[in-house]
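Okay, here's the prediction I keep looking at, along with the sequence it came from:
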Amino acid sequence: MPSALKLESVDISAHRISPAGKLELPDLDIASQILSIISRYKLAKDAFIAGTKDGAKFLAHIHSRVVAKESILMCLPAFPFKSPNDTTKVLGRLPDKAEEFALAHLNGLCAAIGDVYAPGARLMIVSDGLVYNDLLGVPDRDVWAYGEALRALRARKEFRHIEFCRLKDIVNVDVPDELDEIRYVANATNFRHALLQQFSKPGYNASLRISEDEDTCLTYRGYIKFLETDLQNVYPIGEGRSKSKYKRGIEYIAKQMLIRGDAFARAVRQRFPDRLRLSIHPSTGENKLSINLLPTDTSFTTPWHCSIAFRLDGTTITGHRSQFDANGDFELVYEKGRPSYFREKSDLLSWASEKGGITCEPVYPTGLLIRPAAGRNSLSVREIDAAKVHALSQFNSPVVLRDFARTRNRDLFVAKAHEFGVPTPRKFDGPDLRDPGVDDRGFTDVVSESGVSPPRFQFWVAVAGSPKDRGHTLFSSSTLLFKHLPAHLTSTSLRPSTWAIPTSLSDLTTISSPPPVVDHPTTSHPCLCFHKSRLQSKPSLEATNETVNNTTDYEDMDSAVICSALQSLLHDRRIAYYHVWEKGDLLVSDNTLTSMHPRSDSSATDTKELWQIHFD
């Protein structure tokens with residue numbers, strides 16, 4: 001007989017309960033969770049480090065921090081400068097949407113650690129730009145401008161877990177603590193000389209290291225791969241330079257980079273001895289953890305060596321600029337007057353052109369942010385093209401509409417809801433509008449009046465905003481969830497299952513739902529229809545003990561394993577968009593494509609007020 005999987009089946013007998021009432025896991029369990037989180041961000045071809053022999057060393061390091069109740073500190077040598085090939089490889093010399101998504105990805109890694117470990121995590125990005133730029137013909141001024149723009153990007157997007165460090169901070173050179181462009185450029189050569197004088201290993205033989213050390217060989221091959229395209233315009237093949245001569249030159253530069261890189265790695269270890277060492281290069285996992293900087297399945301994982309493109313469903317592709325320039329399905333998008341990213345062409349992404357039009361920006365990791373192109377309040381709720389927003393939400397949800405005028409006018413909000421579709425009442429609510437932050441009585445997913453399934457869409461407006469550090473609303477993308485589904489679960493095996501919610505609420509005994517996996521009615525892509533269990537930090541709300549009726553595929557698998565995997569994915573920072581409500585925000589979400597659930601850390605004093613209408 002199929003087994004029943006209860007979502008709230010955590011055995012807390014072996015764990016502690018803190019004075020605040022939160023579940024506390026043993027230190028070693030927490031350390032293991034942290035290492036597993038880091039492993040999620042590994043390079044696609046690398047081993048899963050958490051379960052390896054080398055992983056024990058990293059686990060011991062993390063465990064020592066957990067025992068001391070200290071933040072998990074990491075460092076990553078990266079983000080040097082844009083490739084000098086801005087004709088066929090990248091879009092310019094300054095950071096663009098590729099860097100933004102890379103920093104969001106890394107900030108999400110740290111935030112995910114903070115979700116399971118209160119002291120959290122911080123990542124120090126150590127720029128290696130001045131270590132190599134002269135070898136590639138990149139001016140020192142370009143390195144400065146790139147680094148400054150990254151810092152401005154971090155501040156603007158509030159990536160609070162990310163820190164930056166320059167070469168001057170890890171070598172001994174007598175310069176002012178605060179550098180401007182002129183002083184930075186004037187001292188750039190001094191910084192490079194100091195690095196080699198203070199940290200070079202006497203007798204270092206790059207060729208010998210390539211032949212004897214696997215990590216060095218992997219790094220060397222990576223250098224060769226990107227130098228071939230980086231320098232094709234700097235040292236063009238033609239009269240006086242054959243292909244073989246160019247190849248020998250590339251190999252020479254790569255070995256010079258290894259020499260400098262060895263000194264730089266030694267300097268980083270000395271400057272940050274207590275930080276976990278991350279790397280952008282493939283490695284054996286013996287001394288560093290190799291991670292993927294971009295949410296992409298391609299081999300182009302460093303934003304300074306590629307361009308980024310977005311499909312209509314929000315998934316990303318990375319590659320050389322020339323690849324997308326030649327693809328008629330994509331168009332180049334400018335931000336602040338500079339080329340930033342490519343996106344799949346669609347007339348759904350533009351409207352109200354007679355009044356200035358809109359900007360339609362991809363959001364990490366899922367969703368779209370639409371604003372009036374002419375500035376705040378230049379368009380009102382009346383000018384929102386409901387048909388196009390409705391259609392967009394079925395490919396990529398949620399769709400957030402920000403900076404539109406008159407969004408908090410109740411009559412206009414209700415009228416716009418009727419443009420989106422047919423509003424539907426809910427089983428447990430009389431009014432069409434309410435503030436779900438007041439009391440959701442245990443239900444984090446909404447239920448239709450029939451009690452059988454959620455309505456197709458939700459339409460929200462933030463009458464009052466929420467704090468930026470808590471009270472988020474999570475929107476978990478099925479598109480991304482199935483991309484990251486663990487090997488022991490498949491969408492095919494989950495399809496025959498069903499789930500139900502036993503509750504004492506109202507006059508119902510059980511609320512039933514469609515199977516955990518359903519096909520999207522528009523795209524036919526698989527979508528997760530799975531109720532999020534009530535967190536223990538909300539004991540005052542109505543208890544819901546969801547049950548999944550299992551299939552024969554999982555009869556030998558522990559119930560908690562399946563449920564834990566699905567619940568974890570719903571909160572995975574690579575999958576779930578943590579929305580911070582700003583006053584006046586409108587939001588449309590497709591309930592089939594995207595699972596919606598609030599965070600558990602809202603405060604009773606928070607002033608967030610939301611109106612909500614469901615429609616089909």
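It's in.

who does Ser290 bridge with?
Beta bridges link Ser290 to Ser279, judged by DSSP bridges.

and it, what is it in contact with?
By CB atoms under 8 Å, 6 or more residues apart in numbering, the residues touching Ser290 are 42-43, 46, 278-283. Heads up, the C-betas are built off the backbone N, CA and C, glycines and all.

need these in CSV with pLDDT and distance to Ser397, can you?
Shown next, in CSV, are the contacts of Ser290 (pLDDT from 0 to 100; distance: CB to CB, whole Å):
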residue, pLDDT, distance to Ser397
Lys42, 91, 28
Leu43, 86, 29
Asp46, 61, 31
Leu278, 96, 32
Ser279, 94, 34
Ile280, 93, 31
His281, 88, 36
Pro282, 85, 35
Ser283, 83, 37
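
closest to Gln256 among these?
Lowest distance from Gln256 to these (CB to CB) belongs to His281, with 16.5 Å.

shouldn't the closest one be in contact with Thr219?
Yes - in this structure, His281 is within contact of Thr219 by CB atoms under 8 Å, at 4.8 Å.

Comparing those two, which residue is more hemmed in?
Neighbour totals were compared for His281 and Thr219, and Thr219 leads with 24 against 19 (other CB atoms under 10 Å).

Against Glu99, how distant is that one?
22 Å (CB to CB, to the nearest Å).

Tell me how far Pro425 lies from Pro455.
9 Å.

Repeat that for Ser283.
Distance of Ser283 to Pro455, given as CB to CB: 48 Å.

swap in Gln612?
Look at Gln612 and Pro455: by CB to CB, they are 11 Å apart.

Which of these two has more residues huddled nearby?
Neighbour totals were compared for Gln612 and Pro455, and Pro455 leads with 22 against 18 (other CB under 10 Å).

Quick check: the more buried one touching Ile613?
No - in this structure, Pro455 is not within contact of Ile613 by CB under 8 Å, at 9.5 Å.

who's in contact with Leu528?
476, 478, 481-482, 516-517, 566, 595.

Redo the residues you listed as CSV? Include distance to Glu361 and pLDDT.
Below are those laid out as CSV (distance: CB to CB, whole Å; pLDDT from 0 to 100):
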residue, distance to Glu361, pLDDT
Ser476, 20, 95
Ser478, 21, 95
Leu481, 22, 95
Phe482, 24, 93
Pro516, 32, 80
Val517, 30, 88
Leu566, 30, 85
Ser595, 23, 90
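
For my notes, please list the residues you listed in a markdown table and give distance to Trp351, secondary structure and neighbour count for each entry.
Listed next are these as a markdown table, based on distance: CB to CB, whole Å; DSSP: H, G, I helix; E, B strand; the rest coil; neighbours: other CB atoms under 10 Å:
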| residue | distance to Trp351 | secondary structure | neighbour count |
| --- | --- | --- | --- |
| Ser476 | 28 | strand | 24 |
| Ser478 | 26 | helix | 26 |
| Leu481 | 30 | helix | 24 |
| Phe482 | 31 | helix | 19 |
| Pro516 | 36 | coil | 24 |
| Val517 | 34 | strand | 20 |
| Leu566 | 37 | helix | 23 |
| Ser595 | 28 | strand | 28 |
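
Confirm for me that Pro423 is in contact with Ile613.
Yes - using CB under 8 Å, Pro423 is in contact with Ile613, at 5.2 Å.

Neighbour count for these two, which is higher?
Neighbour totals were compared for Pro423 and Ile613, and Ile613 leads with 24 against 16 (other CB under 10 Å).

Helix or strand for that one, just tell me which one.
strand 609-615 (DSSP states H and E).

Against which helices or strands is that strand packed?
helix 410-420, strand 457-464 (3 or more CB pairs under 8 Å, 6 or more residues apart in numbering; DSSP states H and E).

Would you mind giving the orientation angle of the last one with respect to helix 410-420?
Okay, so that is strand 457-464. Interaxial angle, strand 457-464 versus helix 410-420 (axes from the mean of the first three to the mean of the last three CA atoms, to 10 degrees): 160 degrees.

Report pLDDT for the residue most central in space within the chain.
By CA atoms, centre = their mean, the chain has its centre lying nearest to His105, at 3.6 Å. As predicted, His105 sits at a pLDDT of 98.
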